[in-house]
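S.K.: turn this into a model:
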Amino acid sequence: MVYLKQLFDSNKDFLKDNFILFISNFILGFFGYLYQFYLGRTLGPADYGIIGALLAIAYIEGVSFNTIFVTTTKFTASLKAKNELNELNPLFFSLIKNLLIFGTLIFLIFLILSRNIASFLNINDTTPVILVGLFFIIAILVPINRGILQGLQNFKYLGINFILEGITKFIFVVILVKLGFGVNGAMIALILSYLIPFIFSYYKVRKLVGNEKGKYNIRPLIRYSLPVLVSLLSLTLVFTLDVILVKHLLDPISAGHYSAISLLGKVIFFASTSISMVMFAKVSELYEMKKPTLSLFYKSLLLVLVISLPITIFYYLFPYFTISLLFGKEYFDIANLVGLFGLFATFFSLTWATLFYNLSINRSWLVWIVLLIDVIEVFLIYLYHTTLLQIILTLLTLTGILFFILLLITIIYKK
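M.R.: Predicted coordinates for the structure are as follows:
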């Protein structure tokens, strides 16, 4: 209790910014989950299993978005700390140009491999796979604007951008599914939920970056972003490979049930992501100014627990109520697994915050540990996938081990 009092008495800006992003992320998550719950109820377990697998691919694509977000935040915070904001405009346009080219190349790869991907996931139509590729071109630009807003610690406009994404996604999925577009409508709504926030945030960011001309040397940015990309990819795979492998290995109904469990777990994760975002921006600036950062990390972990544990306990106490409210009685078979998956999601949220802290102080070599966990996860799921319980216990064990290893390293190497 004494520590909690000290937490709220100090670093009031940290708590205020966390509150702003928590509320905006809560609204984003609320509409995002309405999007998924609507699809789960409307399309049924079999089609929802397809949605779950496609969104898992989108989450893996999202690693590059998070990498751009993290890298842009890091370099913007560095320019802010060094009072070199005149370089923001060249940075902004260099990123736009290069990422448009990169996004187009990824889309072409999806176009070429669409039949193979659809076959692996047991999907008859290639259109939704192609739409996931198109999503990449649009969505890869959004984190540029958001990274600059976060690096400048303009959390108000960053929060508005998140809210716009959530509202757009839900409104369009209801319209498109009612018009009969089904799975394709879900993917189109996802694309629009990134396109519209990008357009709105573009004009705000243009005012913030100024009109300074010149070229920005993006080589240091690339050198930093590559280990970040591998770090975030390896950690995201922990939370997405399971859904893809279940869709490949198990029957459609089981895949739909597992997608529902995974979504409930993501409620916990996304509820606490704002803490890592605020921590990353502030620690990056403090690190550039050679000031202490570890206390901010401990406070962030405490806040993650304050958010994650109550949801997990609720899942354990009221699994049938949770499933009935969000998905319907068709998903009651997973009631005994919801609380356990919530515990896994709590450990994953703590691991995410720990990795983000280490990335903010340029300690990206920890990625090799996470990559090892990914390899072990795939191996164990292929060996033990008779029941969904086996898969969840594998995830819980591996993530718990990963968190305690990363935490131990963070404490040992605190200097």
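
S.K.: contacting residues for residue 168?
M.R.: By CB atoms under 8 Å, 6 or more residues apart in numbering, the contact list for residue 168 reads 189, 192, 193, 196, 197. Quick note: C-beta positions are derived from backbone N, CA and C, even for glycine.

S.K.: just send those back as CSV, with neighbour count and secondary structure too.
M.R.: Listed next are the contacts of residue 168 as CSV, based on neighbours: other CB atoms under 10 Å; DSSP: H, G, I helix; E, B strand; the rest coil:
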residue, neighbour count, secondary structure
189, 22, helix
192, 19, helix
193, 27, helix
196, 17, helix
197, 24, helix
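
S.K.: let me know the pLDDT of the nearest residue to residue 130 once chain neighbours are set aside.
M.R.: Take residue 130 and drop its neighbours on the chain: the residue closest to it by CB to CB, 6 or more residues apart in numbering is residue 114, 5.1 Å away. The per-residue pLDDT reported for residue 114 equals 83.

S.K.: ok, now the one 10 residues further on?
M.R.: Among the per-residue scores, residue 124 shows a pLDDT of 80.

S.K.: that one and residue 183, how far apart?
M.R.: Shown here: residue 124 relative to residue 183, a distance of 11 Å by CB to CB, to the nearest Å.

S.K.: any buried residues in the helix or strand hosting the residue nearest to residue 130, and which?
M.R.: In this assignment (DSSP states H and E), residue 114 forms part of helix 88-120. Neighbour counts over helix 88-120 (16 or more other CB atoms under 10 Å) mark 88-95, 99, 103, 107, 110, 114, 117-118 as buried.

S.K.: got it, and stretch 317-330?
M.R.: 319, 322, 323, 326, 327, 330.

S.K.: again with stretch 177-195
M.R.: Buried residues in stretch 177-195, counting neighbours by 16+ other CB under 10 Å, are found at 177, 181-195.

S.K.: what is the nearest of these to residue 58?
M.R.: Relative to residue 58, the closest of those is residue 190; by CB to CB it sits at 6.7 Å.

S.K.: residues touching the closest one, list them.
M.R.: Neighbouring residues of residue 190 by CB under 8 Å, 6+ apart: 55, 58, 135, 169.

S.K.: what does the pLDDT read for it?
M.R.: On the pLDDT scale, residue 190 gets 89.

S.K.: what strand or helix carries it?
M.R.: Per DSSP H and E, residue 190 falls inside helix 182-209.

S.K.: next, residue 211: secondary structure please.
M.R.: Under DSSP: H, G, I helix; E, B strand; the rest coil, the three-state class of residue 211 is coil.

S.K.: picking that back up, the helix holding residue 190 relative to helix 88-120, how many degrees between them?
M.R.: On the basis of axes from the mean of the first three to the mean of the last three CA atoms, to 10 degrees, helix 182-209 is oriented at 170 degrees to helix 88-120.

S.K.: what's the first helix or strand after helix 182-209?
M.R.: On the C-terminal side of helix 182-209, the closest following helix or strand by DSSP H and E is helix 219-249.

S.K.: that older thread, which secondary structure elements does the helix holding residue 114 contact?
M.R.: helix 12-81, helix 127-139, helix 142-151, helix 182-209 (3 or more CB pairs under 8 Å, 6 or more residues apart in numbering; DSSP states H and E).

S.K.: what about residue 272, neighbour count?
M.R.: Neighbours of residue 272 under the rule other CB atoms under 10 Å: 25.

S.K.: what does the one 3 residues further on give?
M.R.: Counted by other CB under 10 Å, the residues lying close to residue 275 total 26.

S.K.: likewise the one 4 residues further on?
M.R.: Residues within reach of residue 279, counting by other CB under 10 Å, total 25.

S.K.: surely it touches residue 296?
M.R.: Yes. The criterion here is CB atoms under 8 Å, and residue 279 meets it with residue 296 at 6.0 Å.

S.K.: from what I can see residue 399 touches residue 238, true?
M.R.: Yes. The pair residue 399 / residue 238 is scored as a contact, 6.4 Å apart, by CB under 8 Å.

S.K.: please enumerate the shared neighbours of these two.
M.R.: Residues touching both residue 399 and residue 238 (CB under 8 Å, 6+ apart): 348, 351, 373.

S.K.: mind putting those residues into JSON lines with distance to residue 358?
M.R.: Shown next, in JSON lines, are the shared contacts of residue 399 and residue 238 (distance: CB to CB, whole Å):
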{"residue": "348", "distance to residue 358": "16"}
{"residue": "351", "distance to residue 358": "11"}
{"residue": "373", "distance to residue 358": "15"}
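
S.K.: out of these, the closest to residue 404 would be?
M.R.: residue 351 (9.3 Å).

S.K.: count the neighbours of the closest residue to the closest one other than its chain neighbours for me.
M.R.: Take residue 351 and drop its neighbours on the chain: the residue closest to it by CB to CB, 6+ apart is residue 403, 4.4 Å away. Counted with other CB under 10 Å, the neighbours of residue 403 add up to 21.

S.K.: so who does residue 403 touch?
M.R.: Neighbours of residue 403 in contact, by CB under 8 Å, 6+ apart: 347, 350, 351, 354.
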